[in-house]
Each structure stands twice: as C-alpha cells, then as structure tokens.
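> attaching a predicted model along with its sequence, questions to come.
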Amino acid sequence: MTGLLGNPYSMNQASYDLGRLARNGLITRIPRRNLYALTPDGLRFAIFYTKVHDRVLRPAHGGRPAPGSAPAPRRPWRHRW
C-alpha cells in the first residue's frame, strides 16, 4: 500500500480499513486464515468504482497520472530504415 499511496501505511491503518470494509459487508474473513474475500456486493462496488475512475475521473484530469503513481510504460524503440 505504501507504494500505491506514496505515504507510510501502518498495520493499525490496515487493520482499521479491513474492519470498516468487513462491517460494511464488502469483504469477509476466511476462517483460520489471514485472508479476506470480496463479497458479491464488494465485487459490484469495486467494478463500479473502477469504471467511474476510467470513464469519469481520468478524463476529467486530462489523462494525467495520479501523484505517486508509476510512470506509464514506454513504447519500444523501433528503427526504421
């Protein structure tokens, strides 16, 4: 998460965020494991916000990448004779 946010992301913050997602019914904890799974509502929520980002937010920012995000991959160089 630190690489995505560009800021430190503590274990306390991760625990708090996972608890909120679980309370809102977007994820469920897999018993006896330190894993979580998306619920059907969580999957719909994730797909909806991904589409909003791609179709509304990114064009509104003029296609500029978010601060702290990875640079766009470069196209391979091609030599033309």
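The structure has been received and is ready for your questions. Residues are numbered from 1 along each chain as shown.

> alpha carbons only for contacts and neighbour counts from here, please
OK.

> for the chain, what spans make up the strands?
Residue ranges of the strands in the chain, as given by DSSP state E, are 27-29, 36-38.

> just these: most buried one?
Greatest average neighbour count among the strands of the chain goes to strand 27-29 (a mean of 18), per mean count of other Cα atoms under 10 Å.

> and that one, what does it pack onto?
Applying 3 or more Cα pairs under 8 Å, 6 or more residues apart in numbering; DSSP states H and E, one finds that strand 27-29 contacts helix 11-23, strand 36-38.

> can you pull out the helices in this protein?
2-5, 11-23, 40-52, 58-60 (DSSP state H).

> indicate which one of those helices is closest to Arg32.
helix 11-23 (16.0 Å; Cα to Cα).

> show the average pLDDT along that closest one.
Summarised as a single mean, pLDDT over helix 11-23 is 93.

> what of stretch 53-70?
pLDDT averaged over stretch 53-70 gives 72.

> contact partners for Ile27?
Residues near Ile27 by Cα atoms under 8 Å, 6 or more residues apart in numbering: 18, 21, 36-39, 42.

> ok, and the closest non-adjacent residue to it?
Once flanking residues are discounted, Ile27 sits nearest to Leu38: 4.4 Å by Cα to Cα, 6 or more residues apart in numbering.

> and that neighbour, how far is that from His61?
29 Å (Cα to Cα, to the nearest Å).

> I'd say the residue nearest to Ile27 and Ile30 touch.
No: under the criterion of Cα atoms under 8 Å, Leu38 is not in contact with Ile30, lying 10.3 Å apart.

> so what touches stretch 45-57?
Residues contacting stretch 45-57 (Cα under 8 Å, 6+ apart): Leu26.

> rerun that using 10 Å as the cut-off
Applying Cα atoms under 10 Å, 6 or more residues apart in numbering, the contact partners of stretch 45-57 are 26, 38-42, 44, 58-60, 63.
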